[in-house]
Structures are given as C-alpha cells and as structure tokens.
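Peer 1: Just the structure for this:
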Amino acid sequence: MPDKNILITGCSGQLGKQFKLLESKSKNNFFYTNKYDLDITQYNDVKKYINDYKIDIIINCAAFTDVDSAESKSKEAFLVNQQGCKNLAKVSSKQNLKIVHISSDYVFEGNHDSFLDENHPTKPLSEYGKSKLAGEKEFIKCNTAKYLIIRSGWLYSYHGKNFMNTIIKLLKNNSSIKVISNQYGTPTSCEDLVHAIYKIIENKDFNFYAKKGSIYHFSNSGYCSWYEYAVQIKKNINSECDVIKINSDQYKSIANRPKSSILKITKIINDFDLEIIPWEEALKKVLKRR
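Peer 2: Now for the predicted structure:
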C-alpha cells in the first residue's frame with residue numbers, strides 16, 4: 001500500500017513532468033494536476049480536490065514562469081505565484097497537510113560575489129521575482145502551515161523551454177552564437193531536484209522541518225556564467241558552432257535579472273543527508289540520455 005497521497009501541481013511544466021518520469025522511484029501514490037485540472041487561484045477548487053483525493057502532501061510546481069512576460073502581465077503572475085500560494089497555505093493549514101513549494105533565485109538582487117544562503121536579504125529586480133517572493137510570504141504569514149520552501153534556479157531538463165534546449169537548437173542551426181558571460185548561477189537538473197524532494201519527503205525529519213516552516217536552497221554544486229554553461233553544452237554535443245562572449249548590457253531583455261544568484265546548498269544537504277553532484281556531471285548525464 002502506498003504511504004502517502006501526494007499532489008503535484010503544475011504537472012505540465014518541466015519540473016512537474018520530471019516527477020511523472022521518476023514516479024517509480026518513490027513508494028507513494030501521486031496525483032498530477034495542471035491549470036485545467038486544478039486552478040490553484042480558486043480556494044474552493046483547491047479545498048475540494050484535497051478533500052476528494054485525501055491528499056497528505058502537496059508539492060507545488062505550479063507557477064507563472066515567463067520572466068519577460070511577467071513585466072507586462074504582472075497581475076497574472078501575482079495571481080498564480082502569490083494568490084495560488086495563499087490558497088495552498090490556507091488549505092494545507094486547515095487540513096493539517098505538509099507542502100513543498102518551489103521558489104526561485106530571482107527573489108534576490110544578485111549584486112554580490114558570495115554564495116547566497118537562506119538568510120540573505122531578498123530584493124527581486126523583476127515582476128516575476130517579486131511575485132515569487134510574495135508567494136513565499138503567504139506561507140510564512142500562515143503561522144499554522146507546515147511547509148518547506150525550496151529556492152532553485154537555472155532549471156533544465158530534456159523537455160520543455162529552458163536554456164539548455166534553446167542553446168542546443170541554436171548550436172545546431174548557426175555557425176556562431178553570442179552568450180552572456182557576466183551573469184552567474186548554477187545549472188540545476190530537474191531530475192536531481194526531483195530525486196532530492198523524494199528523499200526529503202521520505203526523510204524521518206521531514207515533518208520536524210515542515211512544522212517549523214523552513215526555507216532551503218537547492219542546486220547542483222559549483223557555478224558558472226551563461227557563457228560557460230553554453231560552452232559545456234557545446235562540448236557534450238560535439239558542436240562546431242562558435243560561442244562568443246558578450247556582456248549583459250549587449251543583450252536586450254525586458255526583465256532585469258540577477259547578476260549573480262549562486263545558491264549556498266549546505267543547509268539542505270545537512271538537514272536531509274543529501275548527496276549533490278556538480279553541475280557539469282549532471283548536465284552530461286541529461287545530455288547523454290537526450
């Protein structure tokens with residue numbers, strides 16, 4: 001018999017899809033919803049679904065994630081990323097559920113050279129980042145909610161829209177490409193994040209840290225620039241395309257992004273006894289399967 005009934009929201013996104021692919025790695029019973037199956041911005045819909053399916057744990061992957069579009073669609077971004085979190089927090093609190101919420105490195109300004117720990121001051125630069133931070137605060141304000149907030153960034157997998165897939169396409173269709181070399185972070189495999197969450201919810205201390213209401217950072221280990229990331233992709237797929245360095249001020253984007261969002265992952269490793277591999281190794285594994 002399965003141990004727990006676990007709801008995965010946002011199952012159409014790259015992280016939600018990864019949970020489906022790795023479901024056999026967990027002994028629990030999973031329910032997957034996208035925005036058409038369950039609209040997390042509607043409190044009564046969330047309450048009914050959780051009651052109907054006797055959900056024990058929610059893993060919230062549902063989010064408005066288009067960073068540039070959020071600048072002109074701020075209302076829509078906050079509706080999902082804040083109001084959706086408020087509803088999940090209220091229902092999980094009343095039903096005595098535990099929730100794992102996926103947040104973002106974009107809650108930080110990123111004008112620094114050090115690794116960011118969980119206590120580093122937040123100061124988002126974009127509407128997307130502001131909406132994700134607002135979502136975090138909804139869990140924190142709900143004093144009786146049992147939650148873990150896991151901030152991550154630079155997520156990729158072999159399906160969905162992400163930097164890795166975009167660069168692969170550009171490398172195949174161009175003789176040269178230009179990539180930003182003065183913004184830093186850590187490419188993070190969705191597969192590795194999902195494996196970590198499975199281990200966390202099965203860890204004997206999960207309830208203890210959820211009851212406290214805890215924030216964690218997760219990424220693969222190490223860090224790089226977008227340029228170094230693209231060069232590593234090129235090496236792994238044996239492309240002849242030239243990758244050329246540019247500065248962020250040479251690339252026009254609608255939303256402002258952190259210059260450095262390298263997350264310190266010591267806390268999540270220590271609390272849940274995780275082993276996290278370097279980003280280069282994780283990327284190689286994903287590209288080999290792709």
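Peer 1: Strands of the stretch 1-150 of the chain, start to end?
Peer 2: Secondary structure of the stretch 1-150 of the chain, counting by DSSP state E, counting those that start in this stretch: strands at 5-9, 29-33, 57-60, 98-104, 146-152.
Peer 1: Given the shortest one, what are its sheet partners and their directions?
Peer 2: Partner strands and pairing direction for strand 57-60 (DSSP bridges) are strand 5-9 (parallel), strand 98-104 (parallel).
Peer 1: I'd like to know which elements the longest helix anywhere in the chain is packed against.
Peer 2: Using DSSP state H to define each element, the chain has its longest helix at helix 127-141. Judged by 3 or more Cβ pairs under 8 Å, 6 or more residues apart in numbering; DSSP states H and E, helix 127-141 is in contact with helix 69-72, helix 74-78, helix 84-95, strand 98-104, strand 146-152. Any C-beta I mention is one placed from the backbone N, CA and C, and that applies to glycine too.
Peer 1: low pLDDT regions in the stretch 1-150 of the chain?
Peer 2: 1-2 (pLDDT under 70).
Peer 1: ok, 50 please
Peer 2: Residues of the stretch 1-150 of the chain meeting the criterion pLDDT under 50: 1.
Peer 1: wait, isn't residue 23 in contact with residue 17?
Peer 2: No: taking contacts as Cβ atoms under 8 Å, residue 23 lies outside contact range of residue 17: 10.9 Å.
Peer 1: Among these two, which residue is more densely surrounded?
Peer 2: residue 17 (21 against 16; other Cβ atoms under 10 Å).
Peer 1: For residue 29, name its beta-bridge partners.
Peer 2: Taking DSSP bridges as the rule, residue 29 bridges to residue 5.
Peer 1: Report the distance from stretch 135-144 to the chain centre.
Peer 2: Offset of stretch 135-144 from its chain centre (Cα atoms, centre = their mean, to the nearest Å): 18 Å.
Peer 1: still on that earlier bit, now mean neighbour count and distance to residue 210 too, for the strands of the stretch 1-150 of the chain, in a markdown table please.
Peer 2: Listed next are the strands of the stretch 1-150 of the chain as a markdown table, based on neighbours: other Cβ atoms under 10 Å; distance: least, Cβ to Cβ, whole Å:
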| stretch | mean neighbour count | distance to residue 210 |
| --- | --- | --- |
| strand 5-9 | 24 | 13 |
| strand 29-33 | 19 | 18 |
| strand 57-60 | 25 | 9 |
| strand 98-104 | 24 | 4 |
| strand 146-152 | 25 | 4 |
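Peer 1: and of these, who's closest to residue 247?
Peer 2: strand 98-104 (23.5 Å; Cβ to Cβ).
Peer 1: so residue 239, which of the three states?
Peer 2: coil (DSSP: H, G, I helix; E, B strand; the rest coil).
Peer 1: now the end-to-end length of stretch 181-194.
Peer 2: 29 Å (Cα to Cα, to the nearest Å).
Peer 1: Any idea which of the strands paired with strand 57-60 gets closest to residue 79?
Peer 2: strand 5-9 (14.4 Å).
Peer 1: so the closest one versus strand 29-33, what angle?
Peer 2: 20 degrees (axes from the mean of the first three to the mean of the last three Cα atoms, to 10 degrees).
Peer 1: and the closest residue to residue 80 other than its chain neighbours, what are its phi and psi?
Peer 2: Nearest in space to residue 80, with sequence neighbours left out and distances taken as Cβ to Cβ, 6 or more residues apart in numbering, is residue 64 at 4.3 Å. Here is the backbone geometry of residue 64 (degrees, to the nearest 10): phi -90, psi 110.
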